[in-house]
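1. Next comes the sequence, and after it the predicted model I'd like to discuss.
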Amino acid sequence: MKMTSATIGSARATLSRRQVLGAGAAGAAVALAAPHVARAALVEVNFVEAVHNLGYIDLYVGQRGGYFEKFGIKLNVKAAGGDTQAFAAVLGRSALFGIGDPTMVPMSVENGGPGKVVGTVVQRAHYFGVSKTVAPITDPKQFKGLTVVTSPEPNTNYSVTKKLLEEAGLVVGKDVKMLQVSPGTEIAAMLAGRADVAIAYQPGVAEAEDQGAHTVFDFSNAIGPFCNTGIMVLNETIARQPAIVQALCNGFELADRRVYEDPDYAQTVARMEFPELPPKVVDKAIASELKYKIPAQSVVVDPAQWDNLMKMQVYLKNIKGTTTFAQIVDNSFADKAHAA
């Protein structure tokens, strides 16, 4: 799928807003004892996430822990509704940064457009096959005869699933059916009986398990190291506002470390991000995220993780593969943050 002007325009039209935090949540945030910063000096930055989910726990820890504010920026975060929509918001300049499948950037560049990736947020494929009726799957060939539900192409859970099935010798549409639904509704479609297996992420996976479903397949180990989610930005932002880019990478780097060093804190933050879910469900989701090392351990984009992503996207013909790592990824800010 190419990032055409029509695609981008349509994606921008579907941007959704996150709920504004209530007074109770705001009070709880204060209790987390964020570092003292000069509030008046903060620069507000519009920031979009593809979908609100716990794969992005490092983002939420960065916000709740005051790690971005420590470096002088305050993120105004909204959920875009998908990977394409997140990058469309950056292209349309309604957001300075977007996080989602970083393949959107080489798609843009191959078509003469702008874009850079300046950091990583999710370092493994953070998807799990979840079902109420199917037994654990140990070989992708066992998906034969099933209906699986994912987000629409080219969202990452669709891409990793399609490649996995095809490499197992299965023909999509014949041997296995792929049902595409709005991001975040995969679990609901499976529970409603529309599909045998939902390819979903946390906390939806833990929530489904709490309702009697079970995890039948782990994509993080099946795919291996993988740049699932990157920080996407325009070239002009790097040129004109390098201090903002550096502040963002600095905040992410500290948040990455806190997530792994202090799992209890990560669970506390996660419960605040998803107050509608039982605490035990959210805690289980974070435990799973850390067990499989899904959140980035550093904001630096690892070339091996990037290469794995690019090989998949070339295989799926989402990109031609004509761009290089150095052409798309600018690790200079992340490297500086990591070295501090």
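-> Yep, that arrived.
2. Strands of the stretch 151-300 of the chain, start to end?
-> 177-180, 197-200, 214-218, 225-233 (DSSP state E, counting those that start in this stretch).
3. nearest to Ala266, of those strands?
-> Across these, the minimum distance to Ala266, taken as Cβ to Cβ, is reached by strand 225-233, at 16.6 Å. Backbone N, C-alpha and C define where each C-beta goes, glycine included.
4. which non-adjacent residue is nearest Gln211?
-> Here the nearest residue to Gln211 in space, its sequence neighbours aside, is Leu191; by Cβ to Cβ, 6 or more residues apart in numbering that works out to 6.8 Å.
5. quick one: that neighbour and Glu209 touch, right?
-> No: with contacts counted by Cβ atoms under 8 Å, Leu191 stays clear of Glu209, the gap being 11.5 Å.
6. Would you reformat the strands of the stretch 151-300 of the chain as a markdown table and include mean neighbour count and mean pLDDT?
-> As requested, those are arranged in a markdown table below (neighbours: other Cβ atoms under 10 Å; pLDDT from 0 to 100):
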| stretch | mean neighbour count | mean pLDDT |
| --- | --- | --- |
| strand 177-180 | 16 | 98 |
| strand 197-200 | 28 | 97 |
| strand 214-218 | 19 | 97 |
| strand 225-233 | 27 | 97 |
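7. Take those and lay them out in TSV including distance to Ala285.
-> Rendered in TSV, the data for the strands of the stretch 151-300 of the chain read as follows (distance: least, Cβ to Cβ, whole Å):
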stretch	distance to Ala285
strand 177-180	24
strand 197-200	11
strand 214-218	11
strand 225-233	16
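8. domain ranges for this structure?
-> Following automatic domain parsing, one finds the domains of the chain at 5-125+225-339, 128-223.
9. The residue nearest to Gln211: what's it in contact with?
-> Shown in contact with Leu191 (Cβ atoms under 8 Å, 6 or more residues apart in numbering): Lys132, Ala198, Ala208, Gln211, Ala213.
10. show me what contacts the nearest residue to Lys280 once chain neighbours are set aside?
-> Setting aside the residues directly before and after it, Lys280 is nearest to Asp210 in space (Cβ to Cβ, 6+ apart), at 7.7 Å. The neighbours of Asp210, taking Cβ under 8 Å, 6+ apart as the test, are Pro278, Lys280, Val281.
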